[in-house]
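[1] kindly return the folded structure for what I paste below:
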Amino acid sequence: MNSRYQPALFWFAVLNAVATFLLIGLGGLVTSHEAGMSVPDWPTTYGYNMFLFPLDKWVGGIFYEHSHRLLASIVGLLTTILAIWLWAKDARKWMHWLGIAAFLLVIVQGILGGLRVRWNLDWLGVPHGAVAQTFLVLTCAIALFASRWWKNSETEKQIPVPRGLRSHILYVTILIFIQLLIAATMRHQHAGLAISDFPLAHGKIWPATTPEAIADYNAHRPAGTIGNPITAFQVNLQMVHRLVAYLIFLGVTAAAFLSRKKLGGADWLTKFAWFWLALLSLQIVLGAATIWSNKAADIATGHVMVGALALLTGAVWWLVAARRTRI
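    This is a model prediction of the structure:
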């Protein structure tokens, strides 16, 4: 086995991570276009082997759902090859098990997606989304561990990252993951927009959720809104989503300033923290635009993808900081 940097392995791991990120984006398009049940059978597609489904039938929501299935199959194949490659060629035993973990996760993800279709259960979209985000972080971590920088950092002297700063980054990253679960719960209830204005909420700082108020919200929903009638639970959940977004923004802002104070403005982890803050700023803008555009599919999907990038940025920041301080 090889303990040195292997460029081919590294770039293959990067390819797998990029394909996973694109798969999350395509999954976002499926949900945003309400196309989750456009193909009602699985693992076949309208009775066809999914790889032989005729191109002329890729229309409407079928295009998004079927494309999502094909890309998921490609990611599954790439992950299988990566797991075998790590086991055969990487000298680090823990990398072998990371490869196996990725392989098992992609199988679980495929089963969850299939059961979501076979059983027609919207709530399965939530664990499906959670596993997708976890799998993205894992594939990117494997790429990081296979990189030249990770290998060389064993001998290079670097500025250590204080434990308090590392903990702060970890807690904010966990909060982002929780926020993504809240968002997945909102999206997979297919209720359109539970709150159709921003920065206010139904014209108030905190909207009423009495039966009379909910009936009024449903009676005055924006024209063209697609989805089930909204409920008090959904209104409160979206308000929690907004509050958590503000907390995350404050946490990432603090991370950027703390990084500059503890590590210096020239340190690349500091610059990475400012990039993280820029991502969160963009995420808030996209969240507002999702509401203002009556949940336009492309904007809502962009919101999903930037959210995944925000989670990934925090996870990579923490991993790099841990490597630099040898915890």
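[2] phi and psi next, for the nearest residue to Phe53 once chain neighbours are set aside.
    Distances taken as Cβ to Cβ, 6 or more residues apart in numbering put Thr45 closest to Phe53, at 4.5 Å, once the chain neighbours are dropped. For every residue, glycine as well, the C-beta is placed using N, CA and C. Backbone torsions for Thr45, taken as degrees, to the nearest 10, come to phi -120, psi 100.
[3] with Asp90 instead?
    Per degrees, to the nearest 10, the backbone of Asp90 is at phi -90, psi 130.
[4] my guess is it contacts Ala146. True?
    Yes: using Cβ atoms under 8 Å, Asp90 is in contact with Ala146, at 7.5 Å.
[5] the two: which is more packed in?
    Regarding Asp90 and Ala146, a neighbour count based on other Cβ atoms under 10 Å identifies Ala146 as having more, with 26 against 21.
[6] how far away from the center of its chain is the helix ranked longest in the chain?
    The longest helix of the chain (DSSP state H) is helix 232-263. Helix 232-263 has its average C-alpha position 16 Å from the chain's average C-alpha position, going by Cα atoms, centre = their mean, to the nearest Å.
[7] also stretch 230-249?
    18 Å.
[8] now it: buried residues?
    230-232, 234-235, 237-239, 241-242, 244-245, 248-249 (16 or more other Cβ atoms under 10 Å).
[9] pretty sure Leu181 contacts Ala130?
    Yes: under the criterion of Cβ under 8 Å, Leu181 makes contact with Ala130 at 5.7 Å.
[10] ok, back up a step: name the residues contacting each of Asp90 and Ala146.
    Jointly contacting Asp90 and Ala146 under the rule Cβ atoms under 8 Å, 6 or more residues apart in numbering are 6, 9.
[11] next helix or strand past the helix or strand hosting Leu71?
    According to DSSP states H and E, Leu71 maps onto helix 61-89. Heading C-terminal from helix 61-89, the first helix or strand you meet, by DSSP H and E, is helix 93-118.
[12] show me what counts as buried in that following helix.
    Buried positions in helix 93-118, judged by neighbour count with 16+ other Cβ under 10 Å: 95-96, 98-99, 102-103, 105-106, 109-110, 112-114, 116-117.
[13] just stretch 283-300 next, same as before
    Neighbour count says stretch 283-300 has 283-284, 286-287, 289-291, 294-295, 297, 299-300 buried, by 16+ other Cβ under 10 Å.
[14] would you mind measuring the gap between the ends of that stretch?
    The first and last residues of stretch 283-300 sit 10 Å apart, counting by Cα to Cα, to the nearest Å.
[15] so how far is it off the chain centroid?
    16 Å.
[16] re the thing from before, show me what counts as buried in the helix holding Leu71.
    The neighbour-count check on helix 61-89 (16+ other Cβ under 10 Å) flags 61-69, 71-72, 75-76, 78-79, 82-83, 85-87 as buried.
[17] now swap in stretch 16-34 and tell me
    16-17, 19-21, 23-33.
[18] these in helices, which ones?
    Among the buried residues of stretch 16-34, the members found in helices (DSSP H) are 16-17, 19-21, 23-32.
[19] domain map for this structure?
    1-156, 160-327 (automatic domain parsing).
[20] make a markdown table from those domains and add mean pLDDT to it.
    Below are the domains of the chain laid out as a markdown table (pLDDT from 0 to 100):
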| stretch | mean pLDDT |
| --- | --- |
| domain 1-156 | 91 |
| domain 160-327 | 91 |
